[in-house]
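S.K.: Pasting the sequence and the predicted model now:
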Amino acid sequence: MTTSIAGKMPVGFLLRGGRFEHCSDQSGENRCGGKEAIPDRQSYLTRSNATIQRLSAISRSFNARATNWRLLPNLKSNHFPRLLSSGRFLYTQTSLDDSWTNNRELNIDLLFHSCTKTHHASRLHALLIILGKIQSLFISTRLVNLYANLGNISLSQQTFDQIQNKDVYTWNSMVSSYVRNGSHNDAVNCLYKMLKHQIKPDFYTFPPVLKACRDIKNGKRIHCLISKTGLEWDVYVAASLVHMYCRFGGFDAAYGIFTNMPFRDMGCWNAIISGFCQNGKGEKALEILNEMKFEGIKLDSVTVATILPICAQMEDMIKGRLIHLYVIKHGLESDLFVGNAFINFYAKFTELENSRKFFDDLPTRDLVSWNSIISGYEQNGNPNRALEFFHEMQKDGFTPDLLTLVSVASSIAQCGDTRGSKSVHGFVLRRYWFLKDVIIGNAVVDMYAKLGNVENARELFDRIGVKDVVSWNTMITGYGQNGLASEAIEVFQKMVETEHVTPNQGTWASIIPAYAHIGALKQGQKCHSTVLKTGLIPDVFIGICLIDFYGKCGKVKDAMSLFNEIPKSSSVPWNAVISCFGIHGHGETSLKLFKNMTDSGARPDSITFISLLSACSHSGLIEEGEQCFKVMEKDYGIKPGLKHYGCFVDLLGRAGELQKAYDFIKNMPLKPDGSIWGALLGACRIYGNTNLGKVVSEKLLEIDSGNVGYYVLLSNIYANAGKWEGVNSVRLMANEKGLKKTPGWSSVEINKKMEVFYTGNYSHPKCDEIYEKLEELTSEIKVVGYVPDYSFVLQDVEEDEKERILMSHSERLAIAYGIISTPPNTVIRIFKNLRVCGDCHNATKFISRVCDREIVVRDSNRFHNFKDGVCSCGDYW
DNA sequence: GTACTATTAG
């Protein structure tokens, strides 16, 4: 907590109307709002009698049976501790009891140790004044330290100011109090004040001051001062100097001091190692570690705790394991810092059993241990276990901190626990943590977004005062993952306009998928060029996003050349490129890539097989698909999930194997969900199988009666067969349920701007021109053989009305607009949110021929490349 | 004096 905030908060105790109350605790809640000062020794000493009487009154109210005491020395053992206690002071109470009953001197040391809140300290402060102990320089200095340790720098400073004849020890305490509470400038100024008072700094003074230096200039100035006092080669001071230089990138200076030191203890070695580690010189740190070993010096717990995160960062599992052996050999396993470091180390390598072992074996645990194990489980996809640890931790008496809640928020999101999310939000809100650090704000925004609650996410996002890059990225991703690409783009644009934030790799990895989603080729390409300019490639993350992006925008070649550039250490780039060829109907290429993948040693995962199966399905590769399905579990140990079954049903269905698909569903070990029956229903529509369609739709409406898509499909089937009563009854059913059809829309990118068209919409400014063009096109294509297929019109109306309905389908509007707004020979790229209508598919083939244009349509399912009157995917939409 | 935890992204 900074001075300015703490300074505004009245903290301490009040003697008001016989009530002894504290008005504030560490959380900064101000309960009485009155002005407050720290206990003033003079007034207490002169008014001590009155005070004692008041104290006795209060004590009586604490303990009704106690009446016979007036003066301090006559206090009964069970009264006075009560005065100091506030529920958590049990330890003190017993120790005081002891001192009192045995007529011994108060154990002040114990009292100091028992203070865990500012108001405890204030009461102790009062007690010390009453007992006259405050005159002791030693005790008053301890109070300065105590307040600082409890995070109350303003009381610490006030206590310090009241001390007369301060010695070095007092000044040193004040300096380090400032540093501990983040008041860096105050610390440095305190040193200068101390010099002004002609107090000579000693080797306890400089280390904290060096820690407080915020820039190299200040650091060098302090270095000069140190040289003048002749303390330069003190081990503590020198180690601090080394660390200070490292912090500002002065590695040579640091190493220079280090090598010139006449004597080096463990701390010095650790200081330079940690200095290098924390400032991005992990390799150099490991070199020094070797040097150290060469000199026969053994690592201690600090060295281990410093070096382990570097091993994790450099993905050097082996080095970590060697250190583990070393630790066992030298009995450092039960060290708290070492244990915590290992919990994190193993969690990073997904070896939770090892993390768990360290956690279980720790003789004492601290908050970091709990946070580490919670985040370990959370990061490794076991949010339930993480939450169990969270509860266990509280049972164990630990108060969660901000970082605990970061992990908890993510766990709650992973569990899909909407109610829990509100609790998390409230928990953080009540503690004012949103003001303390952006991290927690970002985590909660992300939690809401992951739970699909974008409104709450946005509201909180807007409230975050100082947003950092991650805040923006989180919001962009949140929108993107909830299918709200245009909102994501809007946030991104706002971000670009905001000063002090520059997009980083995370930003690109969030915005590029949004552009991919709506097929905004030009805007995505602009991102790509910006990325190249900023030199962020070959970042694997962005590379993969771009592969996916180019794939979805129909630029298979670009996707492939990017794929060739990036490292392929995991399955993810492979998955991206396999699915890219899959959606374009190049199933064979996908299969070939899969072979390359396994040859290269990359391990396929469940997503690989989803991409692969859907690739087979898009290309009608039944046998290959069946083979994939078999191999998946047998050779790679991946249990097929619902998505895999869905792809496979789709594969059989598209190939016309309706009965086979139906039998397959009936025999599958998992309970089929809507998407699986939906795939079969889609196939029934393609092959006009009304009977099976009816059976399947009954199953579907049992499981998922709220999904409009299925009603639409079923009514499609009826309409196809000319059974208009069926169409009407389905429509009636859907209406009864209050379901509305998802409006179909298509977009086309003109001049780097996305234009969106809704089916049957006449509101576009160029509407007349568009319809004019469409009428012209329709008559032109009719000449070359286009026959409208009215089965795609679900309304039972006259033929010319049906033609008008087909013409106003969003994809056709977008194509017509594309043709009138772009120069000849330009490729027209359309994106449609639903599946392309079959008649539109047919019409587009003819349009591509009469206009001599290449038209690429990406719908919710796949790609359709139209050129010279043919479509790359045949007549199969 | 030196040490262990940190959110987003396919």
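M.R.: Now that the structure is in, tell me what you want to look at. Numbering: from 1, shown residues only, chains lettered A, B, ... in the order given.

S.K.: going forward, measure contacts between C-alpha atoms and count neighbours the same way
M.R.: OK.

S.K.: contact partners of stretch A:713-726?
M.R.: A:681-682, A:684-685, A:688-690, A:693-694, A:697, A:727-728, A:730-731, A:791-794, A:796 (CA atoms under 8 Å, 6 or more residues apart in numbering).

S.K.: list the buried ones in it?
M.R.: Buried residues in stretch A:713-726, counted by 16 or more other CA atoms under 10 Å: A:Leu713, A:Leu714, A:Ser715, A:Asn716, A:Ile717, A:Tyr718, A:Ala719, A:Asn720, A:Ala721, A:Trp724, A:Gly726.

S.K.: mean confidence score for stretch A:339-355?
M.R.: With pLDDT averaged residue by residue, stretch A:339-355 scores 96.

S.K.: typed the wrong thing, it's stretch A:584-597
M.R.: What stretch A:584-597 shows for mean pLDDT is 87.

S.K.: Run the chain-centre distance for it.
M.R.: 34 Å (CA atoms, centre = their mean, to the nearest Å).

S.K.: Alpha carbons only: can I get it in CSV?
M.R.: Output in CSV follows, covering the C-alpha atoms of stretch A:584-597 (Å, rounded to 0.1, in the frame of the first residue of the first chain):
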residue,chain,number,x,y,z
HIS,A,584,-11.6,-26.8,-49.1
GLY,A,585,-12.5,-30.3,-50.0
HIS,A,586,-8.9,-31.5,-50.4
GLY,A,587,-9.3,-34.5,-48.2
GLU,A,588,-6.4,-36.4,-49.8
THR,A,589,-4.0,-33.6,-49.0
SER,A,590,-5.3,-33.6,-45.4
LEU,A,591,-4.6,-37.3,-45.2
LYS,A,592,-1.1,-36.8,-46.7
LEU,A,593,-0.4,-34.1,-44.1
PHE,A,594,-1.5,-36.4,-41.4
LYS,A,595,1.0,-39.0,-42.5
ASN,A,596,3.7,-36.3,-42.6
MET,A,597,2.7,-35.4,-39.1
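
S.K.: does any part of it sit near DNA strand B?
M.R.: No: in terms of CA under 7 Å from any atom of the strand, no part of stretch A:584-597 sits within range of DNA strand B; the closest distance is 14.0 Å.

S.K.: Give me the buried positions along that stretch.
M.R.: Result for stretch A:584-597 [16+ other CA under 10 Å]: buried residues A:His584, A:Gly585, A:His586, A:Gly587, A:Glu588, A:Thr589, A:Ser590, A:Leu591, A:Leu593, A:Phe594, A:Met597.

S.K.: Please list the residues of the stretch 551-700 of chain A that sit near DNA strand B.
M.R.: For the stretch 551-700 of chain A, the residues in contact with DNA strand B (CA under 7 Å from any atom of the strand) are A:Ser570, A:Ser571, A:Val572, A:Pro573, A:Ala576.

S.K.: Please list only the buried members of those residues.
M.R.: Buried members of those, scored by 16+ other CA under 10 Å, are A:Ser571, A:Val572, A:Pro573, A:Ala576.

S.K.: Tabulate those residues (a markdown table), appending secondary structure, pLDDT and distance to A:Cys311.
M.R.: Converted to a markdown table, these look like this (DSSP: H, G, I helix; E, B strand; the rest coil; pLDDT from 0 to 100; distance: CA to CA, whole Å):
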| residue | secondary structure | pLDDT | distance to A:Cys311 |
| --- | --- | --- | --- |
| A:Ser571 | helix | 84 | 23 |
| A:Val572 | helix | 85 | 24 |
| A:Pro573 | helix | 85 | 25 |
| A:Ala576 | helix | 87 | 30 |
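
S.K.: and of those residues, the nearest to A:Gly480?
M.R.: For those, the residue nearest A:Gly480 by CA to CA is A:Ala576; the value is 17.6 Å.

S.K.: show me the contacts for that closest one.
M.R.: With CA under 8 Å, 6+ apart, A:Ala576 has these contacts: A:Ile544, A:Ile547, A:Asp548.

S.K.: cool, and A:Asp650?
M.R.: With CA under 8 Å, 6+ apart, A:Asp650 has these contacts: A:Ser617, A:Ile676, A:Ala679, A:Leu680, A:Ala683.

S.K.: Count the neighbours of the closest residue to the last one other than its chain neighbours for me.
M.R.: If the residues on either side of it in the chain are set aside, A:Ala683 comes closest to A:Gly653, at 4.9 Å by CA to CA, 6 or more residues apart in numbering. Per other CA atoms under 10 Å, the neighbour tally for A:Gly653 reads 26.

S.K.: Tell me how far A:Gly653 lies from DNA strand B.
M.R.: A:Gly653 is 28 Å from DNA strand B, where distance means CA to the nearest atom of the strand, to the nearest Å.

S.K.: Which of the buried residues of stretch A:584-597 fall in helices?
M.R.: A:Gly587, A:Glu588, A:Thr589, A:Ser590, A:Leu591, A:Leu593, A:Phe594, A:Met597 (DSSP state H).

S.K.: Go through those residues and say which is closest to DNA strand B.
M.R.: Set against DNA strand B, the nearest of these by CA to the nearest atom of the strand is A:Met597 (14.0 Å).

S.K.: Which residue comes closest to that closest one once chain neighbours are left out?
M.R.: A:Met597 sits nearest to A:Trp574 (CA to CA, 6+ apart), 6.8 Å away.

S.K.: Spatially nearest residue to A:Cys840, not counting backbone neighbours?
M.R.: Per CA to CA, 6+ apart, closest to A:Cys840 is A:Arg812, 6.8 Å.

S.K.: coming back round to it: quick one: contacts for the residue nearest to A:Ala683?
M.R.: A:Ala661, A:Ala679, A:Leu680, A:Gly682, A:Ala683, A:Cys684.

S.K.: Most neighbours of all those residues, which one?
M.R.: A:Leu680 leads the contacts of A:Gly653 on contacts (other CA under 10 Å) with 28 neighbours.

S.K.: so who does that one touch?
M.R.: A:Val649, A:Asp650, A:Gly653, A:Leu658, A:Ala661, A:Tyr662, A:Val696.
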